[in-house]
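Trainee: Sequence and predicted structure below; questions after.
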Amino acid sequence: MAIQQKLSLMIPGPTPVPEKVLQALSKHPIGHRSKEFQDLVESTSKNLQWLHQTQNDVLTITGSGTAAMEAGIINTLSKGDKVICGENGKFGERWVKVAKEFGLEVIKIDSAWGTPLNPEEFKKILEEDQKKEIKAVILTHSETSTGIINDLETISSYIREHKTALSIVDCVTSLGACNVPVDKWQLDIVASGSQKGYMIPPGLSFISMSQKAWEATEKSNLPKFYLNLKSYKKSLLSNSNPYTPAVNLIFALDESLKMMKEEGLESIFLRHKKHKLAMSNAAKALNLKLFANEKYLSPSITAIETGEIDAEEFRKTIKNKFDILLAGGQDHLKGKIFRVGHLGYVNDRDIITVISAISKTLLDLGKITTQQAGEAVVIASKYLEEN
């Protein structure tokens, strides 16, 4: 059996890591209380604010994106608080579970998997809350379990009109892939994770906190210790961390943020948009159906239905023949869809390669013609060439 040495990650995370970042990761560790490390924290903190388009504090936690989301909830809310949770996929479902675990009263706004949350439902419930009992709105921006992106801009505008409720947003797979202007949209709490658009391995999470969010921490009574954000804020004043951080991941973060600044936000967003359009239109050319509502496709991942083809067997074939890893469906979607990640360090060649691999597999199954296989690549190339 051949040893896989060139596995291509085309999943929503972990995502491919640039060579520069891998080299930074392999540096000899330094003391996390040293001046050298403090300089590193100062640099990454400023660049994190640039990426978030904010003047807010952006804190770095050694933990996954779930840690950042949990931290946002437990630092600003109290047991019995009423919150709205948006649920239209696996991650929205997770935040409902987390909220209930901490004794919050959850008003759930949901929609079928593959369809966006309706902003008007948020508006209606928030406007009806005359007593201002709703303390937060918790939702996922890019729902990678289904390939959908929710209308965060509109929903956040309704949250602002409420005046009292905080926005607690899972931007784990949207930050660094599309425009998330934290200050412009006045987002209160924004969580993200390192193994996504940041182009580094798993292990770090990031949380942006507005002044309104910090004010809410003074009233919160939910238990917290390691995830007590006041400790992180205090340490950040001296460019430090309250606990031992993943030092080498901070090396990697510093390098990846420099690469992102060099590319520029608009170029990053355009690249993800082109890859989304190339992948989704190529899939349609191959007689495959997109799972998500086409008007709300995530820039991070394309979810594709396989009909009578077993999606798990399809993924297995692609991995064995081409060393390309695709993501599968979750829960009731397992075996029914596969998901192609195009998040982070992905270039045009990767997109053409995965489309070609999918085309060849469908061709071998007798599901398409050679003409359709060729057309899919031509169509994708057209979108990739657009400026």
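Mentor: On my side now, so go ahead. Residues are numbered from 1 along each chain as shown.

Trainee: Tell me the buried residues in stretch 79-86?
Mentor: Neighbour-count burial for stretch 79-86, with 16 or more other Cβ atoms under 10 Å as criterion, is recorded at Asp81, Lys82, Val83, Ile84, Cys85, Gly86. Quick note: C-beta positions are derived from backbone N, CA and C, even for glycine.

Trainee: For the nearest residue to Thr370 once chain neighbours are set aside, give its distance to Val247.
Mentor: Nearest in space to Thr370, with sequence neighbours left out and distances taken as Cβ to Cβ, 6 or more residues apart in numbering, is Leu363 at 6.6 Å. To Val247, Leu363 is 48 Å away according to Cβ to Cβ, to the nearest Å.

Trainee: Comparing the two, which residue is more hemmed in?
Mentor: Set Leu363 next to Val247 and count neighbours by other Cβ atoms under 10 Å: Val247 wins out with 18 against 15.

Trainee: State the three-state secondary structure for the residue lying closest to the more buried one once chain neighbours are set aside.
Mentor: For Val247, ignoring the flanking residues on the chain, the nearest one in space by Cβ to Cβ, 6+ apart is Pro29 at 4.9 Å. Assigned by DSSP: H, G, I helix; E, B strand; the rest coil, the conformation of Pro29 is coil.

Trainee: And for Pro29, the neighbour number?
Mentor: Pro29: 10 surrounding residues under other Cβ under 10 Å.

Trainee: The one 10 residues further on now?
Mentor: The local packing count at Asp39 equals 12, with neighbours defined by other Cβ under 10 Å.

Trainee: what does Glu385 give?
Mentor: 10.

Trainee: Over to Gly103?
Mentor: Every residue meeting other Cβ under 10 Å relative to Gly103 is counted, giving 12.

Trainee: Tell me the first helix or strand C-terminal of the longest helix along the chain.
Mentor: Secondary structure of the chain read by DSSP state H shows that its longest helix is helix 265-285. Moving toward the C-terminus from helix 265-285, the next helix or strand (DSSP states H and E) is strand 289-290.

Trainee: Next SSE downstream of that next one?
Mentor: Toward the C-terminus, strand 289-290 is succeeded by strand 301-305 as the next helix or strand (DSSP H and E).

Trainee: Give me the angle between that following strand and helix 265-285.
Mentor: Computed by axes from the mean of the first three to the mean of the last three Cα atoms, to 10 degrees, the angle separating strand 301-305 from helix 265-285 equals 10 degrees.

Trainee: Give me the packing partners of strand 301-305, helices and strands only.
Mentor: Secondary structure elements in contact with strand 301-305, counted by 3 or more Cβ pairs under 8 Å, 6 or more residues apart in numbering; DSSP states H and E, are helix 265-285, strand 289-290, strand 337-341.

Trainee: quick one: strands adjacent to the helix or strand containing Val106?
Mentor: If you go by DSSP H and E, Val106 is part of strand 105-110. The pairing partners recorded for strand 105-110 under DSSP bridges are strand 82-87 (parallel).

Trainee: so how far is the strand it pairs with from its chain's centroid?
Mentor: Here strand 82-87 is found 19 Å from its chain centre; the criterion is Cα atoms, centre = their mean, to the nearest Å.

Trainee: Kindly export it (C-alpha atoms) in PDB.
Mentor: Provided in PDB are the C-alpha atoms of strand 82-87 (Å, rounded to 0.1, in the frame of the first residue of the first chain):
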ATOM      1  CA  LYS A  82     -33.300  34.700  27.800                       C
ATOM      2  CA  VAL A  83     -31.400  34.300  24.500                       C
ATOM      3  CA  ILE A  84     -32.300  33.700  20.900                       C
ATOM      4  CA  CYS A  85     -30.300  31.000  19.100                       C
ATOM      5  CA  GLY A  86     -30.300  30.600  15.400                       C
ATOM      6  CA  GLU A  87     -30.200  27.000  14.200                       C
END
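
Trainee: heads up, I number from 5, so please use that
Mentor: In the new numbering, first residue 5, that becomes strand 86-91.

Trainee: I'd like the mean pLDDT over it, please.
Mentor: Along strand 86-91, the predicted local confidence has a mean pLDDT of 98.

Trainee: Quick one: mean pLDDT over stretch 323-339.
Mentor: For stretch 323-339, the mean pLDDT works out to 96.

Trainee: buried sites along that stretch?
Mentor: For stretch 323-339, the neighbour count (16+ other Cβ under 10 Å) marks Lys323, Phe326, Ile328, Leu329, Leu330, Ala331, Gly332, Gly333, Gln334, Leu337, Gly339 as buried.
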